[in-house]
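[1] Let's see this in three dimensions:
(2 chains)
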Amino acid sequence: DAMVIQNPRYQVTQFGKPVTLSCSQTLNHNVMYWYQQKSSQAPKLLFHYYDKDFNNEADTPDNFQSRRPNTSFCFLDIRSPGLGDAAMYLCATSFSFLASGANYQETQYFGPGTRLLVL
Amino acid sequence: RKEVEQDPGPFNVPEGATVAFNCTYSNSASQSFFWYRQDCRKEPKLLMSVYSSGNEDGRFTAQLNRASQYISLLIRDSKLSDSATYLCVVNSYSNDYKLSFGAGTTVTVRA
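    A predicted model of the protein is given here:
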């Protein structure tokens, strides 16, 4: 059974037309992540939520926003997609906990990704 | 300098061969290490965690060298189904919950 689900699997949008990608999880993990991956490159972390706390990466463009209305769902909003935003967008989840003053993170589980094409 | 660096390959090997490759990491405080496998146009999937003493999972063996800050993956008796990109992933126990990914090493196993 799928544990991290992403919709849609493929998204075609026009230059400048807002688009929303969704991610849901059945693992009850407290951390959710959005990555952007372009061909032959490492996944690039855009932002993550630790519970409801939003953490933006310093180099994530303002064009990218995220919402996490509850534990199970997280959305990626691209306000004005450009040609350079065409990529695979991966959602991931993990369980993280504090122990002895340090944060420990268990395995990250990835969704199947949404492949975005910008025309 | 990138946090995690890998030889992109590709490593082209015949079925049944052994293939091995390394990954180096820059943060000496890194605590957790993983190999993920990513098939073409699919999501990364955890292949194995890498423990300090080294560990084996079937035909796959992972080693960690903290002194030189690298981890390795060895695949024995390669199968056609082993063809994929292998991502080296590193986590440091700090005040964040983030992983650092390498760009991947591509392995192609030919019949």
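[2] Is the helix or strand containing residue A:115 in proximity to chain B?
    The secondary structure element spanning residue A:115 is strand A:114-118 (assigned by DSSP states H and E). Yes - contact between strand A:114-118 and chain B is present through residue A:115 (criterion: Cβ under 8 Å from any Cβ of the partner chain). Bear in mind the C-beta positions are built from the backbone N, C-alpha and C, glycine included.
[3] What residues sit buried inside that strand?
    Of the residues in strand A:114-118, A:114, A:115, A:116, A:118 count as buried by neighbour count, 16 or more other Cβ atoms under 10 Å in any protein chain shown.
[4] try stretch A:104-117
    Neighbour counts over stretch A:104-117 (16+ other Cβ under 10 Å) mark A:105, A:107, A:108, A:109, A:110, A:111, A:112, A:113, A:114, A:115, A:116 as buried.
[5] what's near enough to touch the fourth one?
    It refers to residue A:109. A:3, A:4, A:25, A:27, A:29, A:92, A:93, A:94, B:46 (Cβ atoms under 8 Å, 6 or more residues apart in numbering or on different chains).
[6] repeat that for 10 Å
    Taking Cβ atoms under 10 Å, 6 or more residues apart in numbering or on different chains, we find residue A:109 in contact with A:3-4, A:25, A:27, A:29, A:91-95, B:43-46.
[7] out of the residues you listed, which are buried?
    Of these, these count as buried by 16+ other Cβ under 10 Å: A:4, A:25, A:29, A:91, A:92, A:93, A:94, A:95, B:43, B:44.
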